[in-house]
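Colleague: next comes the sequence, and after it the predicted model I'd like to discuss.
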Amino acid sequence: MKIALIGYGKMGKEIEKVARSRGHEIVCIIDINNQDDFESEAFKSADVAIEFTNPMVAYSNYMKAFKAGVKLVSGSTGWMTEHGEEIKKLCTEEGKTLFWSSNFSLGVSIFSALNKYLAKIMNQFPAYDVTMSETHHIHKLDAPSGTAITLAEGILEKIDRKDKWVKGTFLAPDGTISGTNDCAPNELPISSIREGEVFGLHTIRYESDVDTISITHDAKSRGGFVLGAVLAAEYTATHEGFLGMSDLFPFLND
Ligand SMILES: NC(=O)C1=CN([C@@H]2O[C@H](COP(=O)(O)OP(=O)(O)OC[C@H]3O[C@@H](n4cnc5c(N)ncnc54)[C@H](OP(=O)(O)O)[C@@H]3O)[C@@H](O)[C@H]2O)C=CC1
Ligand SMILES: O=C(O)C1=N[C@H](C(=O)O)C[C@H](O)C1
């Protein structure tokens with residue numbers, strides 16, 4: 001399969017290696033300095049482009065790839081709130097294709113199914129309140145993480161006494177703390193910590209007066225995200241529309 005890369009940072013570079021090791025050809029690499037290449041024949045020849053950039057530029061990259069007629073896989077986070085509905089509509093009603101996930105790892109897909117199952121149980125036990133926390137490396141631009149937002153949406157779907165997630169405390173790389181976890185009973189706070197080179201740590205915690213139940217996913221490397229993105233590209237080559245992990249792993253759907 002012919003793959004183009006958009007964004008050649010931490011994820012883009014690892015995806016290149018895994019894609020080549022699975023027999024794919026990298027036909028074009030677009031980074032911040034060669035934006036004209038969206039119009040190149042090499043880019044247009046790709047079966048799929050894999051995009052990992054940042055919250056500010058992801059949307060405009062999608063528009064450029066759609067214009068070039070190239071299907072997309074993207075893991076960029078932080079753009080959904082502003083442009084999510086428009087992009088979904090372009091894919092469901094106007095023939096464009098984007099496979100997007102806030103987290104491409106199989107482990108997080110399993111964790112996400114477990115999260116929803118636990119939330120469904122905890123809906124019956126109001127003595128427990130739920131909070132979330134996520135920890136990532138100091139270079140990360142968005143907070144809360146895209147994964148934390150997706151997990152929070154899974155909880156809100158199942159727990160009737162919660163109807164919105166809110167930003168909780170934020171521990172910045174320089175050690176300063178801002179924000180608060182004090183919130184209304186209907187709100188689910190997500191704390192964010194930025195330290196060192198942490199790949200991605202997500203915890204969901206249910207707490208009563210007498211005990212705590214918590215579940216955690218801890219990424220040991222970027223390997224899971226990278227393999228998942230390449231598997232998603234292989235899937236996207238033969239599928240259309242707005243795609244996600246529930247298409248790739250339908251057996252995990254509830
Ligand atoms: N869904 C998932 O499983 C995962 C998602 N992510 C998300 O993916 C994104 C990228 O992560 P990561 O690779 O770690 O980030 P990096 O900052 O390491 O890489 C991003 C790259 O994109 C480049 N870039 C900036 N602007 C443009 C542009 N307009 N067009 C093309 N390239 C551009 C950057 O260049 P420069 O440095 O010069 O600005 C940089 O090389 C983030 O949003 C992160 O949250 C990350 C891991 C897993
Ligand atoms: O920026 C990262 O590194 C990651 N971003 C994604 C997110 O925002 O959830 C996925 C993963 O946790 C790594």
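Modeller: Happy to help now that I have it. Numbering: from 1, shown residues only. Ligands and ions are numbered 1, 2, ... in the order given.

Colleague: wait, residue 142 touches residue 76, no?
Modeller: No - look at residue 142 against residue 76 with CB atoms under 8 Å: they stay out of range, at 9.3 Å. Where C-beta positions appear, they are placed from N, C-alpha and C, glycine not excepted.

Colleague: and the closest residue to ligand 1 within the stretch 51-200 of the chain, how far from residue 5?
Modeller: Residue of the stretch 51-200 of the chain nearest ligand 1, by CB to the nearest ligand atom: residue 75 (2.7 Å). Distance from residue 75 to residue 5, counting by CB to CB, to the nearest Å: 12 Å.

Colleague: any residues in contact with both of the two?
Modeller: Here residue 75 and residue 5 have no joint contacts, going by CB atoms under 8 Å, 6 or more residues apart in numbering.

Colleague: if we can go back for a sec, between residue 142 and residue 76, point out the one with more neighbours.
Modeller: residue 76 (24 against 17; other CB atoms under 10 Å).

Colleague: and the pLDDT at the residue nearest the centre of the chain?
Modeller: By CA atoms, centre = their mean, the chain has its centre lying nearest to residue 102, at 0.9 Å. Per-residue pLDDT puts residue 102 at 97.

Colleague: note down every partner strand of the helix or strand where residue 72 lies and its orientation.
Modeller: Here residue 72 sits within strand 71-74, counting by DSSP states H and E. Paired neighbours of strand 71-74 in the sheet (DSSP bridges): strand 48-51 (parallel), strand 98-100 (parallel).

Colleague: tell me which parts of the stretch 151-254 of the chain are close to ligand 1?
Modeller: Applying CB under 6 Å from any ligand atom, one finds that the stretch 151-254 of the chain approaches ligand 1 through residue 225.

Colleague: got any ranges where the stretch 151-254 of the chain has weak pLDDT?
Modeller: Along the stretch 151-254 of the chain, segments meeting pLDDT under 70 span 254.

Colleague: what ranges do the helices span in it?
Modeller: Ranges of helices in the stretch 151-254 of the chain, per DSSP state H, counting those that start in this stretch, are 223-236, 245-248.

Colleague: quick one: the residue nearest to the centre of the chain from residue 71, how far?
Modeller: Distance from residue 102 to residue 71, by CB to CB: 19 Å.

Colleague: would you map out the domains in this structure?
Modeller: Domain assignment for the chain, taken from the TED database, gives 2-104+223-252, 106-220.

Colleague: point out the most buried one among the ones you listed.
Modeller: Compared across the domains of the chain, domain 2-104+223-252 shows the largest average neighbour count, a mean of 18 (mean count of other CB atoms under 10 Å).

Colleague: ok, that domain near ligand 2 or not?
Modeller: Yes - using CB under 6 Å from any ligand atom, domain 2-104+223-252 comes into contact with ligand 2 via 77, 102-103.

Colleague: can you point out the helix or strand that includes residue 63?
Modeller: Assigning secondary structure by DSSP H and E places residue 63 in helix 58-68.
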